[in-house]
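Trainee: Here is the input, now give the coordinates:
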Amino acid sequence: MGILSNDPLDLLRDKSPCEKRICVIGAGAGGLAALKVISDSAYFKSGKWSVIAYEARANVGGIWLPAPPVADSDNVPSTPLYDSLTTNLPHPVMGYTNYSFPPETPLFPRAHVVQTYLESYATHFNLTPFIRLGTIVIDARWESTQWMVTLSDGEHLAYDHLVVANGHYHIPRIPDVPGLVDWVKHGKAFHSAWYRRPDFLVDKVLVVGGGPSGQDIAAEMCTVASAVVHAFSNARTGTKDINAGNLIRRGRAIEFRANGQVIFDDGTVEDNIDRCILATGFQMDFPFLEKSSMINKNMPPDIPPLTPGELFNSSYHVFPLARHLFPLQTQYPISSVAFMCLMKRVVPFPLMEAQAHAIVRVFADPSSLNSVTEVDDIIARAERIRRAGASTSLDIAKVWLRFDKDEQWNYRDDLYEFAQNVEHGAPPIKVTEWEKECYGLKNEMRSAWEHLEESCKAEEWLRDVGRNGVQDWVRLMHRVVDYGRQELPQLEED
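Mentor: Below is the predicted model of the structure:
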């Protein structure tokens, strides 16, 4: 990287000889992946491209960087990370393809281990010189031929491209349920973004949301509350034990009453709820694009037809995006911006690597995107979602970025194939069969691993694992699954 001066910002000012100046917004896992792939490219190494990432917080890591539940400039916590969080993916599947977690790392590591891994990734690949910490992108607007970016220190800089990697776990989503606003207003309900540990005593708590955080928080609250009501859609479908100990499962909450009553979609009522924790997800938010109307914060019109005009943020999805990355609109060049890893139900780190390679291709060769083909693909996706049962624009928006079954694997492979057509340095990466298999086994693997940890056996099982490469981890994951299938059913019988 000797072609760079000591200060990467020198390449961003008028005297810079580079042809493309790239601004990455955010230095979490996505921003780091973008920096790594861009700085590895021949375009960067030849001095034709420059890149810098702006990170609002004091370190890299994004959501994985812990912080107390104190309001930031958006009046919400900097991260929703709670103290006990462990990954819900085994780290050999979760990690970047070109950088493994250290040997003997617990299979489902605590959050601080992931944060250390991301810091190590940035250091190992010499990315830190291209990251400006404690700097917020206040505004980004297209002016004639460039993006003009305004920073929190008052500086204004011009860029040819933006990589939007600011994450989507920041602005809490509060469901539109009768009575809930009053509960929030009076402190009786709060979003899980503010939750850190079960350090408040209540008789009866309601946890809303069936995702990983909702499951974790409900389990933790069972240790301090007399009764925990865990409410989420389809809670009673296919559940072996509806109620266990002090845990009560209910369906979707449809009304919150001032007297502490909550009504559920099957007509059941829970009385005397003391507190409610809303593990109800987050909104997509791009304030730096909204100020200058670079994105419309509304629901997009129904399709077909799809006539590129504006870019929309429904708060559930960004639409329309070619390859789930590049905005099909007419206000600025489609190839001038990329939105990273907006999708759900995926393995994010390696997916973001694949996206970064596709971004390099499109930034280098805008003609590689065929708008007609991309529009056809978007319309076809909308039709598939409708056939699966979505009947309204809101229904479609909610599931647009939800990848099911093999979709994420095909998407990753397609991105690498697309990138290799022009990017000679792109590695010939395809998703391995063990990744797919172990991802499908993640839930039973996690249950078995938790039992090994509780039995004080995990450390022994980890000894020297990873020192001989990834196959060590593959063997361990299969061994853990086999252990769970043999031991856990017997424990349930006992």
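
Trainee: Confirm that Thr373 sits in a helix.
Mentor: Yes: the assignment for Thr373 by DSSP: H, G, I helix; E, B strand; the rest coil puts it in a helix.

Trainee: what's the neighbour count on it?
Mentor: 10 (other Cβ atoms under 10 Å). All C-beta atoms are positioned from the backbone trio N, CA, C, and that covers glycine.

Trainee: what about stretch 234-250, start to end distance?
Mentor: Criterion Cα to Cα, to the nearest Å; first-to-last residue distance in stretch 234-250 is 9 Å.

Trainee: Show the average pLDDT along that stretch.
Mentor: Averaging pLDDT along stretch 234-250 gives 68.

Trainee: cool, stretch 386-399 as well?
Mentor: 94.

Trainee: How far off centre is it?
Mentor: Computed by Cα atoms, centre = their mean, to the nearest Å, the chain-centroid distance of stretch 386-399 equals 21 Å.

Trainee: Alpha carbons of that stretch, as PDB, please.
Mentor: These are the backbone C-alpha positions of stretch 386-399, laid out as PDB (Å, rounded to 0.1, in the frame of the first residue of the first chain):
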ATOM      1  CA  ARG A 386     -47.100 -12.600  -4.000                       C
ATOM      2  CA  ARG A 387     -47.600 -16.300  -4.900                       C
ATOM      3  CA  ALA A 388     -46.200 -17.100  -1.400                       C
ATOM      4  CA  GLY A 389     -49.100 -15.100   0.100                       C
ATOM      5  CA  ALA A 390     -48.100 -11.400   0.300                       C
ATOM      6  CA  SER A 391     -51.100  -9.400  -0.700                       C
ATOM      7  CA  THR A 392     -50.200  -5.800   0.100                       C
ATOM      8  CA  SER A 393     -47.300  -3.500  -0.500                       C
ATOM      9  CA  LEU A 394     -46.500  -3.700   3.200                       C
ATOM     10  CA  ASP A 395     -46.500  -7.500   3.200                       C
ATOM     11  CA  ILE A 396     -44.100  -7.400   0.200                       C
ATOM     12  CA  ALA A 397     -41.800  -4.900   1.900                       C
ATOM     13  CA  LYS A 398     -41.600  -6.900   5.100                       C
ATOM     14  CA  VAL A 399     -40.400 -10.100   3.300                       C
END
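
Trainee: so Met148 is in which element?
Mentor: Taking DSSP states H and E as the criterion, Met148 maps to strand 146-151.

Trainee: Partner strands of that strand, with direction?
Mentor: Applying DSSP bridges to the sheet, strand 146-151 is found paired with strand 137-143 (antiparallel), strand 156-159 (antiparallel).

Trainee: quick one, which of the ones you listed is packed in tightest?
Mentor: Burial of the strands paired with strand 146-151 is given as mean neighbour count (mean count of other Cβ atoms under 10 Å); strand 137-143 ranks first at a mean of 18.

Trainee: who touches it?
Mentor: When contacts are defined by Cβ atoms under 8 Å, 6 or more residues apart in numbering, strand 137-143 is touched by residues 23, 25, 54, 147-152, 162, 288-289, 291-292, 294, 331-332, 336.

Trainee: Just the buried ones from the residues you listed?
Mentor: 23, 25, 54, 147, 149-151, 162, 288-289, 294, 331-332, 336 (16 or more other Cβ atoms under 10 Å).

Trainee: will you turn these into JSON lines that also has pLDDT?
Mentor: Formatted as JSON lines, the buried ones among the contacts of strand 137-143 follow (pLDDT from 0 to 100):
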{"residue": "Cys23", "pLDDT": "98"}
{"residue": "Ile25", "pLDDT": "98"}
{"residue": "Tyr54", "pLDDT": "98"}
{"residue": "Trp147", "pLDDT": "98"}
{"residue": "Val149", "pLDDT": "98"}
{"residue": "Thr150", "pLDDT": "98"}
{"residue": "Leu151", "pLDDT": "98"}
{"residue": "Leu162", "pLDDT": "98"}
{"residue": "Phe288", "pLDDT": "97"}
{"residue": "Leu289", "pLDDT": "97"}
{"residue": "Met294", "pLDDT": "95"}
{"residue": "Gln331", "pLDDT": "95"}
{"residue": "Tyr332", "pLDDT": "97"}
{"residue": "Ser336", "pLDDT": "98"}
